[in-house]
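Student: Kindly generate the corresponding structure for this input.
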Amino acid sequence: MNIIETSIDTGSAAFKENRELMLKLVEDLRSEVRKAREERSEKARRRNAELGKLPVQKRLDLLLDPNTPWLEIAPLAARGMYEGDVHGAGSRAGIGVIHGREVVVHANDPMIKGGTVYPMGVKKTLRIQTIAMENRLPVVMLVDSGGAYLPLQSEIFPDVDDGGRIFYNQALMSKMNIPQITAVMGMCTAGGAYIPAMSDHVVHVNKTGAIFLGGPPLVKAATGEEVTADELGGAMVHCQESGVSDYFAENDAGALAIIRDLVSSLPEIRKSEIPRRAPLEPLYDPHELYGIIPKKVSTPYDVREVIARLVDGSEFLEFKALYGPTLVCGLAYIHGYQVGILASNGILFSNSALKATHFIQLCDRQGVPMLFLQNIAGYIIGREYERGGITKDGQKMVSAVATATVPKLTVIIGASFGAGNYGMCGRAYSPRFLWMWPNARIGVMGGEQAAQVLVSVKNEQLAREGQPPLAPEAVEMIMQPIIDEADKMGNAYYSTANLWDDGILDPAKTRDALGLAISASLNAPIAERDRGFGTFRM
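Tutor: Predicted coordinates:
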């Protein structure tokens with residue numbers, strides 16, 4: 001493979017200006033993550049301690065192997081929603097290592113509204129289950145939840161992607177032979193009682209853990225019976241009498257030790273084989289990415305400079321280097337794993353789309369995971385390009401992305417607009433993982449373009465009515481609110497709050513996140529490479 005030769009001048013004014021801006025964005029990101037992990041009321045902390053419960057971070061520390069990677073998923077979910085204090089949608093989740101084995105962990109945080117489940121909490125749980133199913137990863141659930149937030153029950157209960165889907169997925173995972181281990185460390189109320197009931201193994205903490213379809217207040221209201229939570233559904237009830245729970249634990253630490261033993265007893269699996277070699281650090285410091293990424297997503301730059309700071313040895317075997325230059329494709333290694341990279345280098349033209357389609361077919365047939373680096377305004381538009389078949393050529397690329405069977409990973413490093421989001425494997429195209437950088441923007445189109453479109457539509461309407469076009473001040477009144485709204489709804493924090501992605505990454509840490517994600521994805525078998533693709537419109 002060829003080494004990418006950088007042309008970046010790290011001493012230039014532009015580099016320094018870009019670097020300062022990105023450093024500010026990264027520091028803001030770190031601050032938001034710290035807030036999500038640590039901001040809890042003193043009342044909640046005191047109550048947790050009085051009950052003898054461990055904080056979520058301590059639970060994770062005792063559960064996972066020391067000094068092993070932790071790939072957190074959606075740490076800023078629900079940011080700014082529900083009065084701004086339902087951090088992480090009420091839970092911590094990610095991929096960690098137990099006895100050397102990669103597992104998905106989902107832990108309710110009882111210090112956030114007592115672990116109450118909000119609509120975004122349901123969405124986060126469903127996302128974690130999807131990750132487990134797609135990558136065939138065992139699931140560990142640390143349940144400590146007061147149940148659904150009843151004032152928003154219509155957003156939690158009835159639909160296909162609401163709370164019931166959690167238990168549906170548990171049934172599917174059981175059929176797929178994906179191990180599910182649940183620790184009952186607090187309340188498992190109403191529908192939440194089915195999480196342990198549908199698991200393979202249930203560890204129940206004495207005195208603090210309780211499982212019941214209807215809690216003490218509901219029982220009293222319905223039957224007049226007065227009963228405590230422990231009498232109704234505590235560890236002794238379910239370990240000794242009902243058989244709902246399998247393992248009795250005196251405290252949190254004991255429960256976590258049992259879970260570790262259970263994971264160690266799981267049958268070994270053989271990961272999928274892909275081309276590998278000894279890992280190498282990039283030749284160029286990944287922190288230089290801070291100065292490479294321009295202040296505006298519309299400012300062009302050579303995406304090879306990004307690739308050079310992500311891949312092993314900064315080595316890259318470029319595919320069709322002279323053809324379709326607005327999309328860079330090629331083979332590289334990340335932490336020793338071979339990947340096929342598709343990286344936006346401008347607007348997608350027909351030749352770019354055709355190159356992508358060809359390259360995706362090759363990666364899929366060779367069993368090579370694909371990494372999409374998105375900084376895309378979309379596909380080219382205009383009379384000449386429509387006559388040249390951009391729609392059917394874009395269709396080929398989108399179809400290839402949708403039907404490829406190898407693991408796909410996506411990082412939005414700049415813009416992600418319109419059909420470009422689809423062609424470059426946006427969320428709707430089921431990448432195994434998708435992240436954003438803090439500078440990223442996402443939407444049907446940029447705010448400026450959207451505003452101009454609406455102004456044009458209004459002026460055309462006025463022309464048909466025989467009236468003059470909008471005055472400059474009227475144009476401003478139309479455009480500015482649209483630009484402001486697009487900026488609000490298109491930024492990385494809005495995306496991650498709504499779980500359109502799996503988290504915002506520090507650009508300098510992207511390489512490590514990708515290595516962990518590729519490793520996790522190989523727990524699932526890679527489908528047979530002769531399955532082919534759908535129809536390519538010719």
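Student: switch to C-alpha atoms for all contacts and neighbour counts from now on
Tutor: OK.
Student: Tell me where the model's unsure across the stretch 1-150 of the chain.
Tutor: Applying pLDDT under 70 to the stretch 1-150 of the chain flags no residue at all.
Student: in it, which spans are helices?
Tutor: With helices called from DSSP state H, counting those that start in this stretch, the stretch 1-150 of the chain shows them at 13-38, 42-50, 56-63, 119-135.
Student: Rebuild those helices as JSON lines, extending it with distance to Tyr301 and mean neighbour count.
Tutor: Shown next, in JSON lines, are the helices of the stretch 1-150 of the chain (distance: least, Cα to Cα, whole Å; neighbours: other Cα atoms under 10 Å):
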{"stretch": "helix 13-38", "distance to Tyr301": "12", "mean neighbour count": "16"}
{"stretch": "helix 42-50", "distance to Tyr301": "48", "mean neighbour count": "13"}
{"stretch": "helix 56-63", "distance to Tyr301": "40", "mean neighbour count": "17"}
{"stretch": "helix 119-135", "distance to Tyr301": "33", "mean neighbour count": "22"}
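Student: Could you dump those helices into TSV with distance to Gly382 added?
Tutor: Listed next are these as TSV, based on distance: least, Cα to Cα, whole Å:
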stretch	distance to Gly382
helix 13-38	33
helix 42-50	58
helix 56-63	54
helix 119-135	38
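Student: what's the closest non-adjacent residue to Ile307?
Tutor: Distances taken as Cα to Cα, 6 or more residues apart in numbering place Ser314 nearest to Ile307, at 7.3 Å, with adjacent residues excluded.
Student: Name the surrounding residues that touch stretch 450-457.
Tutor: 475, 478-480, 482-483 (Cα atoms under 8 Å, 6 or more residues apart in numbering).
Student: oh, I was asking about stretch 28-44
Tutor: Residues outside stretch 28-44 that contact it (Cα under 8 Å, 6+ apart) are 75-76, 87-88, 111-112, 438, 504, 506.
Student: buried residues in whichever strand or helix holds Ile518?
Tutor: Ile518 is part of helix 510-521, with elements assigned from DSSP states H and E. For helix 510-521, the neighbour count (16 or more other Cα atoms under 10 Å) marks 510-511, 513-518, 520-521 as buried.
Student: and what of stretch 447-463?
Tutor: 447, 450-452, 455, 459.
Student: Return the subset of the residues you listed lying in helices.
Tutor: Among the buried residues of stretch 447-463, the members found in helices (DSSP state H) are 447, 450-452, 455, 459.
Student: rewinding a little: can you redo the contacts of stretch 450-457 as TSV with pLDDT and distance to Glu50?
Tutor: Shown next, in TSV, are the contacts of stretch 450-457 (pLDDT from 0 to 100; distance: Cα to Cα, whole Å):
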residue	pLDDT	distance to Glu50
Val475	86	61
Ile478	85	56
Met479	86	55
Gln480	87	52
Ile482	81	50
Ile483	80	50
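Student: Looking at the residues you listed, spot the one nearest Gln366.
Tutor: Ile483 (44.1 Å; Cα to Cα).
Student: Tell me how many other residues surround the closest one.
Tutor: Using other Cα atoms under 10 Å, Ile483 has 18 other residues around it.
Student: can you list contacts of the host helix or strand of it?
Tutor: Element membership for Ile483, per DSSP H and E: helix 472-490. With Cα under 8 Å, 6+ apart as the test, helix 472-490 has contacts from 441-443, 446-448, 450-452, 455, 494-495.
Student: How much space separates the closest residue to Gly534 other than its chain neighbours from Gly186?
Tutor: In this structure, Gly534 finds its nearest non-sequential neighbour in Ser399, 6.7 Å apart by Cα to Cα, 6+ apart. Distance, Ser399 to Gly186, by Cα to Cα, to the nearest Å: 46 Å.
Student: ok, those two, which is more surrounded?
Tutor: Higher neighbour count among Ser399 and Gly186: Gly186, with 28 against 20, using other Cα under 10 Å.
Student: Let me know the angle separating the helix or strand where the more buried one lies from helix 119-135.
Tutor: Assigning secondary structure by DSSP H and E places Gly186 in strand 180-189. Strand 180-189 and helix 119-135 are oriented at 170 degrees to each other (axes from the mean of the first three to the mean of the last three Cα atoms, to 10 degrees).
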